[in-house]
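In: Let's see this in three dimensions:
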Amino acid sequence: MDKIDIETVHLAVSGNKDAQMKVLQYYDSYINKFATVTKTMPNGKVYSYIDEDRKAEIQCILLDSLKKFRGIKQES
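Out: The predicted structure is shown next:
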């Protein structure tokens, strides 16, 4: 996926739902990495899965962080 343009970031920060969805989609594979749980079964078999509750929590943290974003200083 291409990088997120600054316009999308500004729209997401201002509360635009479509832009926020683009931000979540952009970071989806990264979020999945941190929401992945690996378990070893009693028979020794190892399996991994995405913990959807953990994923939702990370997504909420990202969206809350957008609200606190102050912007990027522009060079003059």
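In: From here on, just use CA atoms for contacts and neighbour counts.
Out: OK.
In: Now stretch 55-73: buried residues?
Out: Across stretch 55-73, burial judged by 16 or more other Cα atoms under 10 Å covers 55, 58-59, 62-63, 66.
In: Please read the previous query as pertaining to stretch 12-23.
Out: Neighbour counts over stretch 12-23 (16+ other Cα under 10 Å) mark 12-13, 19-20, 23 as buried.
In: The chain: helices as residue ranges?
Out: For the chain, the helices defined by DSSP state H cover 6-13, 17-26, 28-35, 52-68.
In: residue ranges with poor pLDDT in this protein?
Out: Along the chain, the parts satisfying pLDDT under 70 run over 1, 71-76.
In: can you rerun that using 50?
Out: The model of the chain has pLDDT under 50 over residues 74-76.
In: Quick check: chain neighbours aside, which residue is closest to Ser14?
Out: Nearest residue to Ser14, sequence neighbours excluded (Cα to Cα, 6 or more residues apart in numbering): Lys67, at 7.5 Å.
In: which ones are touching that neighbour?
Out: 13-15 (Cα atoms under 8 Å, 6 or more residues apart in numbering).
In: Tell me the one of these nearest Asn32?
Out: The shortest approach to Asn32 among those belongs to Val13, at 22.3 Å (Cα to Cα).
In: Skip the chain neighbours and tell me the closest residue to the closest one.
Out: Using Cα to Cα, 6+ apart, the closest residue to Val13 is Leu66 (5.1 Å).
In: Could you check how far that neighbour is from Lys45?
Out: 40 Å (Cα to Cα, to the nearest Å).
In: same question, Thr36
Out: Distance, Thr36 to Lys45, by Cα to Cα: 16 Å.
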